[in-house]
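J.: What follows is a predicted protein model with its sequence.
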Amino acid sequence: MNITKDKVVDLDYKLTVHNEVIDQSEPGEPLVYLHGHSNIIPGREKALEGKTVGDSMQVTVTPEEGYGTRDPDAIEDLSREDFDDDIEIGSTYYAQAEDGSVIPFTVIGVDGDSVKVGFNPPLAGETLHFDVKVLGVRDATAEELDHGHAH
Ligand code: ZN
């Protein structure tokens, strides 16, 4: 069975950025996703199209097909009062948007009463290198298709 839209795919993967492994699936705990529903970044989904169990590949994903380019304007100064006492530079915090969605941001620096934060995803602007191995492909259930993700 080949990977096409509406298939559920199990895969092992390793993500390398600047020759450093920054994320990988644990042995026996593959990533499971529903193909064709933007569950994973576009560049990786495209590379898996048509592949089958046992296929291994190396995929290089540009920022445009990964986590986006880095937006230099996505930086804001927030008030020190909005934070706990122990702000850690580099830590990720979460803000709530007006529509209720949660927006992650990273603390870049603290200057007196103001905290400089960035809203770029941590991997924005980075070229991503994936080692991927397909472990399983099956048809999605009606419920999975309804939810738009694998169970
Ligand atoms: Zn569900």
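T.: Happy to help now that I have it.

J.: who touches the closest residue to residue 83 other than its chain neighbours in this structure?
T.: In space, and not counting its chain neighbours, residue 83 is closest to residue 115: 6.1 Å by C-beta to C-beta, 6 or more residues apart in numbering. (Glycine included, C-beta is placed from N, CA and C.) Shown in contact with residue 115 (C-beta atoms under 8 Å, 6 or more residues apart in numbering): 77, 78, 79, 80, 82, 83, 87, 107, 109.

J.: What strand or helix carries residue 115?
T.: strand 114-118 (DSSP states H and E).

J.: to the chain's geometric centre, what's the distance from that strand?
T.: 23 Å (C-alpha atoms, centre = their mean, to the nearest Å).

J.: buried set for that strand?
T.: The neighbour-count check on strand 114-118 (16 or more other C-beta atoms under 10 Å) flags 115, 117, 118 as buried.

J.: Could you report the separation of the last one from residue 82?
T.: Separation of residue 118 from residue 82 (C-beta to C-beta, to the nearest Å): 15 Å.

J.: Tell me where the chain has strands.
T.: Ranges of strands within the chain are 7-17, 20-24, 31-34, 56-61, 75-79, 92-96, 102-111, 114-118, 128-139, based on DSSP state E.

J.: Just the angle for the first one relative to strand 128-139, thanks.
T.: By that I understand strand 7-17. Calculated by axes from the mean of the first three to the mean of the last three C-alpha atoms, to 10 degrees, strand 7-17 forms an angle of 170 degrees with strand 128-139.
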